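In: model this:
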Amino acid sequence: MTKTTLIYETQTCSRCLGSGHHSFNLRDGTICYGCRGRKVQHTRAGTKAIEAVRAFIAARHTVPVEAVLAGDRVRVTRLGGSIVTRTVVATERTPNSFGRRESGSDETVWTDGITLTYAKPVPDQFGAYDSTTSPVGSTVLKSVSGADWDEVVAYARTLKKGVTVHEQEVADAAHA
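Out: Residues are numbered from 1 along each chain as shown. Here you go, the predicted model:
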């Protein structure tokens, strides 16, 4: 089985000169903000390649929230901005859950919402589910895998600079 990864062009961090550390502060210690402690940062070409691949994925895998079904894997932005992949276990339409006022009007316009319930990767003491509610008409990004990933890799190969496609043979755990 072949594992394919995209490797984006990097350079030694110009802020910390590759140490991963910079001046001390009480919030984060000595972690470098230029590279987040990773010692390298993406080049301009690498950053442009990342943005191009993300735009390619978003154009093909963004779907209306109403079209998501149980079993679909979606990308969820958590509070604080981190993005995680979750499996949807249930969907439910919630009537009149979003209200907004038109500019210059005192009347509130109500919109239905769709609640997506996710299976957490590791259940905690508060329960095994997590959920988000989005207004009808909003969109969600579905996770990329299988043939869709091959399409992303083919697109990455067409980019002139900033990304290298790395293929590695790995033992298939299912057949071991």
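In: and the longest helix anywhere in the chain, what does it pack against?
Out: Ranked by residue count, the top helix of the chain under DSSP state H comes out as helix 44-61. Helix 44-61 sits against strand 2-8, strand 139-142, helix 147-158, strand 163-169, with contacts defined as 3 or more C-beta pairs under 8 Å, 6 or more residues apart in numbering; DSSP states H and E. To be clear about C-beta, it is placed using only N, CA and C from the backbone, and glycine gets the same treatment.
In: which helix or strand lies directly C-terminal to the first one?
Out: This points to strand 2-8. For strand 2-8, the following helix or strand on the C-terminal side (DSSP states H and E) is strand 10-12.
In: how distant is the next helix or strand after that following strand from the center of its chain?
Out: Later in the chain than strand 10-12, the nearest helix or strand by DSSP H and E is strand 21-25. Strand 21-25 has its C-alpha centroid displaced from the chain centroid by 29 Å (C-alpha atoms, centre = their mean, to the nearest Å).
In: and strand 21-25, C-alpha only, in PDB?
Out: C-alpha atoms of strand 21-25 as PDB (Å, rounded to 0.1, in the frame of the first residue of the first chain):
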ATOM      1  CA  HIS A  21      12.700  29.800  21.000                       C
ATOM      2  CA  HIS A  22      12.600  33.500  21.300                       C
ATOM      3  CA  SER A  23      12.300  36.100  24.100                       C
ATOM      4  CA  PHE A  24      10.400  35.000  27.300                       C
ATOM      5  CA  ASN A  25       6.800  35.900  28.200                       C
END
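In: and the next helix or strand after that strand, what does it pack against?
Out: The helix or strand immediately downstream of strand 21-25 is strand 29-31, counting by DSSP H and E. Counting contacts by 3+ C-beta pairs under 8 Å, 6+ apart, strand 29-31 packs against strand 21-25.
In: buried residues in the longest helix of the chain, which are they?
Out: By neighbour count on 16 or more other C-beta atoms under 10 Å, the buried set for helix 44-61 is 46, 48-50, 52-53, 56-57, 61.
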